[in-house]
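A.B. asks: What would the 3D arrangement of this be:
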Amino acid sequence: MDGVLGIPELRRQCSWWKRHSLYSVVGVKEVMFRFAKFDKRTKEVSVYVKDFDYKSRIAEIESAVNHLPSIEDPWECGVDIMGKGHTPVDICPNTAYDSIDGEPYCVAQELRKRTLQREMLEWLPAMIEFYWQNGIESDQVEFLENGNFVRQYEDLAWDRGTDALSPYGRVIYGFQLIEGWHIRSIFCLFIGSLFLSACVVAISTAILHSFEAGLTAGSYALAIAAVTLAGLTFFSAII
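C.D. replies: Residues are numbered from 1 along each chain as shown. Down below sits the predicted model:
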């Protein structure tokens, strides 16, 4: 990924009106979805979406950890200063056999992998919110990849093996855009309207030498600004 991706960049990819609307993209939330259908004519993809269930995912990881065999030699199969363990081997002091995959594995490495997955899920909501609000840079994509939120298109385009396991298709993690009111922009426009009205009162009073005339002009200016703000808010809500 080149450059930075965040909420401002997503907003700039929308239509001209949505880029300047008072009601547009303000954030994202984590979701799980399954593909429903693909319209080749319009190039539109329909999906079923549900909120990301952190508690269930953490419970699954904890269940997998509880079913791991005990580590025979805790002094072996550690990690180096870079956080890397030993390369995959057939036999190590903490080798166990996976009856489902039919392959041996290192219990210490598997425990470390599951522990990191659990910690990632515990910190994921706060980190994702920070990344999207401040911009996701290239070196931060690895974190999202570890959480399965970034996938290669080839992995999604053809995967009969995984889809065959479930009649509902494959579950994909992703992000759903959240639209809302830009409170700061509305507040700035409101303050700007009051400031404009005050300026009109001051200028009109100075030119006409009449405070009543200046106050009348300021009232008209404030009314025009209020109608404009109300119209902008109305069209932002319906378009």
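
A.B. asks: So for stretch 33-51, what gets flagged as buried?
C.D. replies: Buried residues in stretch 33-51, counted by 16 or more other Cβ atoms under 10 Å: Phe33, Val47. Quick note: C-beta positions are derived from backbone N, CA and C, even for glycine.

A.B. asks: what comes into contact with it?
C.D. replies: Lys29, Glu30, Val31, Met32, Tyr168, Gly169, Arg170, Val171, Ile172, Gly174, Gln176 (Cβ atoms under 8 Å, 6 or more residues apart in numbering).

A.B. asks: Can you flag the buried ones in the residues you listed?
C.D. replies: Applying 16+ other Cβ under 10 Å to the contacts of stretch 33-51, the neighbour count classes Glu30, Met32, Gly169, Arg170, Ile172, Gly174 as buried.

A.B. asks: domain assignment for this structure?
C.D. replies: Residue ranges for the domains of the chain, per automatic domain parsing: 7-181, 183-238.

A.B. asks: need those in JSON lines with mean pLDDT, can you?
C.D. replies: Listed next are the domains of the chain as JSON lines, based on pLDDT from 0 to 100:
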{"stretch": "domain 7-181", "mean pLDDT": "78"}
{"stretch": "domain 183-238", "mean pLDDT": "89"}
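
A.B. asks: Now Ser193: which helix or strand?
C.D. replies: helix 183-208 (DSSP states H and E).

A.B. asks: Just name whatever secondary elements that helix is in contact with.
C.D. replies: helix 211-238 (3 or more Cβ pairs under 8 Å, 6 or more residues apart in numbering; DSSP states H and E).
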